[in-house]
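Colleague: generate coordinates for the sequence data below:
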Amino acid sequence: MSELPRGWARVSLDEIAEVQGGIQKQQKRRPVDHKFPFLRVANVGSGSLDLSEVHEVELFDGELERFVLRPGDLLVVEGNGSVSQLGRAARWSGEIENCVHQNHLIRVRPGLAISAKFLELLWNSPEVSAQLRSVAASTSGLHTLSTAKLKRVRIALPPLDEQRRIVVALEEQLSRLDAATVNAANAVKKAGTLIHSSKAKAIRDLMESFPVTVLAEEIREPLRNGHSARAAADGAIRTLTLTAVTKGEFGDAYTKMTAADPEKAAKLWLKAGDILVQRSNTPDLVGTSALYEGPEEWAIFPDLLIRVRTSDRLDPQFAHLVLSAPQTRHYYRSRAKGLAGSMPKIDQETILNTRIPLPDLETQRQTVHAVAQVAERARHAAVTAETYRVKASALRRSLLAEAFAGRLVPQDPADESAATLLDRLRAREAAGATKSRLRSPRRSATQPKHTPGTTSVQEVPPLSRADSSALATATQPTFDLEIPS
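Modeller: This next block holds a predicted model:
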């Protein structure tokens, strides 16, 4: 481990916080007589809470006092299928009165030696995340933690006043990075919307200006379903997967070698200009189409795809533009049918009845080119925005790493060291335990139990006037990000 800055101490989590599990929801917990708000894993993000849907649970005598959340408590997710989300945590600020939490959330209640805000930022940092990944158990693809493992997590603890300075600096910088991330996400979303709207407008304008027919009148040969063949290591015929059409990408990664019937395969080899439509998939993807422009007899297509070959009056690229336009996709979804629990399907008749504007070939090609230009600009903007999002994410990791290595804000020799503060708190705990043995007054039913070392965050001494002045004049590093409008 690297050497700690002056005044810092390396401690385990259970030295500075109380770690406790939650309530397992069982049939006996069905909320009836003594129901209370109940937080679940779904409510806890990384540094944020989603309280739009809070369940309830039945509590019994004494349980509210034991499990109720207090402002400053950190809620840690016990398990996740994605290791990157393992141990994500958010701080409780008392948003809901008398709220408790489920057993898949671990409550970490900070003591007097650590700031609740500092603990939240530290916990969601690369330093702690790496420790959690190293100790997590994995069962059937689910990565899990435990209270015992959390208690042993080691952290570098700065002096309390330095913790406050770090929090102020981080909140300023992270707010800018969060804004950049939101801007990037919005730009990506707008790019997708622009592509869809440009297609919809182009087809709508043509419908108003040119004759409209149906696809059945403009096909070269009857539509054809593909062939269902099992994958085989010694298979000789390459067959597309549905993903090839979903992504609009035709390459080896989206094919499989199959033991297809050679006689059936002979009629299913793809040619440049073939349009493939998914006749069955999820409600969002049913009817998705893609234009094949690769070599002839490279692959065949499976049974869940329908092949369309257009007449000489209908350019294949234009036909695909119409079939992929929002109004056509809406038509396919509205006609899809399926039994409960099964994927919806469309049939050949639905595709044949697709309405198609029929301008001259030159206008068709000009329309395809105009929409392609808009799509290219939108994709370029999306790529640029994603680059900024990745940059912001990397800056966030770097910023947190610098903060918790003691390099973000200056150390102040006048700060009480973390070790001195811990010794002072332990001495006070010992004195309190001695007094408790000599005199243990009965608590009233409403008086909360006091556990040494688990004082509420409000009891932490405030920042002194001198420290506030020093912080106000301290120079903080900045990270400039510019997101294109």
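
Colleague: how many neighbouring residues does Ile300 have?
Modeller: 24 (other Cβ atoms under 10 Å). C-beta here means a position set from N, CA and C on the backbone, and glycine is covered the same way.

Colleague: contact partners for the closest residue to it other than its chain neighbours?
Modeller: Distances taken as Cβ to Cβ, 6 or more residues apart in numbering put Leu268 closest to Ile300, at 3.9 Å, once the chain neighbours are dropped. By Cβ atoms under 8 Å, 6 or more residues apart in numbering, the contact set of Leu268 is Arg224, Gly226, His227, Ile300, Phe301, Arg307.

Colleague: can you check Leu4 too?
Modeller: Leu4 touches Arg10, Ala156, Gly406, counting by Cβ under 8 Å, 6+ apart.

Colleague: what packs against the helix ranked longest in the chain?
Modeller: Longest helix of the chain, by residue count under DSSP state H: helix 160-209. Judged by 3 or more Cβ pairs under 8 Å, 6 or more residues apart in numbering; DSSP states H and E, helix 160-209 is in contact with helix 116-123, helix 316-324, helix 326-335, strand 355-357, helix 361-403, helix 465-473.

Colleague: thinking again about what came up before, what's the PyMOL syntax to select whichever of the contacts of Leu4 are buried?
Modeller: Selecting only the buried entries of the contacts of Leu4 in PyMOL, with 16 or more other Cβ atoms under 10 Å as the criterion:
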select buried, resi 156+406
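
Colleague: save the contacts of Leu4 as a markdown table, and put in secondary structure, pLDDT and distance to Ile237 too.
Modeller: Converted to a markdown table, these look like this (DSSP: H, G, I helix; E, B strand; the rest coil; pLDDT from 0 to 100; distance: Cβ to Cβ, whole Å):
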| residue | secondary structure | pLDDT | distance to Ile237 |
| --- | --- | --- | --- |
| Arg10 | strand | 96 | 62 |
| Ala156 | strand | 95 | 60 |
| Gly406 | coil | 94 | 63 |
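
Colleague: save the contacts of Leu4 as a markdown table, and put in distance to Asn80 too.
Modeller: As requested, the contacts of Leu4 are exported to a markdown table (distance: Cβ to Cβ, whole Å):
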| residue | distance to Asn80 |
| --- | --- |
| Arg10 | 27 |
| Ala156 | 25 |
| Gly406 | 30 |
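
Colleague: specify which member of the contacts of Leu4 is nearest to Ile351.
Modeller: Comparing the contacts of Leu4 against Ile351 with Cβ to Cβ places Ala156 closest, at 63.0 Å.

Colleague: Provide a list of residues in contact with the closest one.
Modeller: Leu4, Trp8, Ala9, Arg10, Glu127, Phe404, Ala405, Gly406.

Colleague: again, only using 6 Å
Modeller: Ala156 makes contacts with Leu4, Trp8, Arg10, as judged by Cβ atoms under 6 Å, 6 or more residues apart in numbering.

Colleague: how many other residues sit next to the nearest residue to Leu13 once chain neighbours are set aside?
Modeller: In this structure, Leu13 finds its nearest non-sequential neighbour in Val153, 4.6 Å apart by Cβ to Cβ, 6+ apart. Counted with other Cβ under 10 Å, the neighbours of Val153 add up to 22.

Colleague: local confidence estimate at Val153?
Modeller: The per-residue pLDDT reported for Val153 equals 94.

Colleague: could you check how far it is from Gly22?
Modeller: 18 Å (Cβ to Cβ, to the nearest Å).

Colleague: ditto for Pro211
Modeller: 66 Å.

Colleague: neighbour count winner among those two?
Modeller: Gly22 (22 against 10).

Colleague: tell me how far the more buried one lies from Ser138.
Modeller: 22 Å.

Colleague: worst mean pLDDT across the helices and strands of this protein, which element?
Modeller: helix 465-473 (a mean of 38; mean pLDDT, DSSP states H and E).

Colleague: would you pull up how far stretch 392-399 lies from the middle of the chain?
Modeller: The chain centre lies 17 Å from the centre of stretch 392-399; the measure is Cα atoms, centre = their mean, to the nearest Å.

Colleague: that older thread, got the contacts of Ala156 as JSON lines, with distance to Val168 columns?
Modeller: Output for the contacts of Ala156, formatted as JSON lines (distance: Cβ to Cβ, whole Å):
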{"residue": "Leu4", "distance to Val168": "21"}
{"residue": "Trp8", "distance to Val168": "18"}
{"residue": "Arg10", "distance to Val168": "23"}
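
Colleague: any idea which of those is closest to Thr241?
Modeller: Nearest to Thr241 among the contacts of Ala156, with distances taken as Cβ to Cβ, is Arg10, at 51.4 Å.

Colleague: who does the closest one form a beta bridge with?
Modeller: Ala156 (DSSP bridges).

Colleague: spatially nearest residue to Pro5, not counting backbone neighbours?
Modeller: Closest to Pro5 by Cβ to Cβ, 6+ apart is Gly406, at 3.3 Å.
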